[in-house]
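Engineer: curious how this folds, go ahead:
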Amino acid sequence: MVCGAPAQNELGVRLRYPPNRDAVWAPDCRAYLCKKHAEGGGALKIFFYPGDKGRLNLEVTCDGSVIRRRKITIKKSAL
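Structural biologist: Predicted structure coming up:
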């Protein structure tokens, strides 16, 4: 769903580890929400499928349509 209002709020996802909460990875989704939809909330579904190639494949969909795809190389170590 695209509402047509200016969208300046960028959606992102982050994997952190304690104690200092540094991010192992934190890609921007390159998907944006307008003020109304950012403050109104909604529902997110996150599916994680384990991999072993040191990459994160990110796909953003809205109303069943893919709006962004990204591949990110993981550069930091996790605990």
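Engineer: farthest from the middle of the protein: give me that residue.
Structural biologist: Pro19 (22.6 Å; Cα atoms, centre = their mean).
Engineer: which SS state does it fall under?
Structural biologist: Secondary structure for Pro19, judged by DSSP: H, G, I helix; E, B strand; the rest coil, is coil.
Engineer: quick check: it vs Lys75, distance?
Structural biologist: 21 Å (Cβ to Cβ, to the nearest Å). Glycine gets a C-beta too; all of them are placed from N, C-alpha and C.
Engineer: identify the residues contacting Pro27.
Structural biologist: Gly12, Val13, Leu56, Leu58, Arg70, Ile72 (Cβ atoms under 8 Å, 6 or more residues apart in numbering).
Engineer: where does the chain dip in pLDDT?
Structural biologist: Applying pLDDT under 70 to the chain picks out residues 1-2.
Engineer: which residues in it form strands?
Structural biologist: 7-12, 15-17, 22-25, 28-34, 55-62, 65-73 (DSSP state E).
Engineer: so the longest one versus strand 55-62, what angle?
Structural biologist: By that I understand strand 65-73. Angle, strand 65-73 to strand 55-62, by axes from the mean of the first three to the mean of the last three Cα atoms, to 10 degrees: 160 degrees.
Engineer: how far away from the center of its chain is strand 65-73?
Structural biologist: 9 Å (Cα atoms, centre = their mean, to the nearest Å).
Engineer: helices and strands around it, which ones?
Structural biologist: strand 28-34, strand 55-62 (3 or more Cβ pairs under 8 Å, 6 or more residues apart in numbering; DSSP states H and E).
Engineer: list of residues touching the shortest one?
Structural biologist: Residues lying outside strand 28-34 but in contact with it, judged by Cβ under 8 Å, 6+ apart, are 3, 5-13, 58, 60, 62, 67-68, 70.
Engineer: and the residues you listed, which is closest to Ala43?
Structural biologist: The closest of the contacts of strand 28-34 to Ala43 turns out to be Cys62 (Cβ to Cβ; 11.3 Å).
Engineer: hey, what's that closest one bridged with?
Structural biologist: Here Cys62 sits in beta bridges with Ser65, as judged by DSSP bridges.
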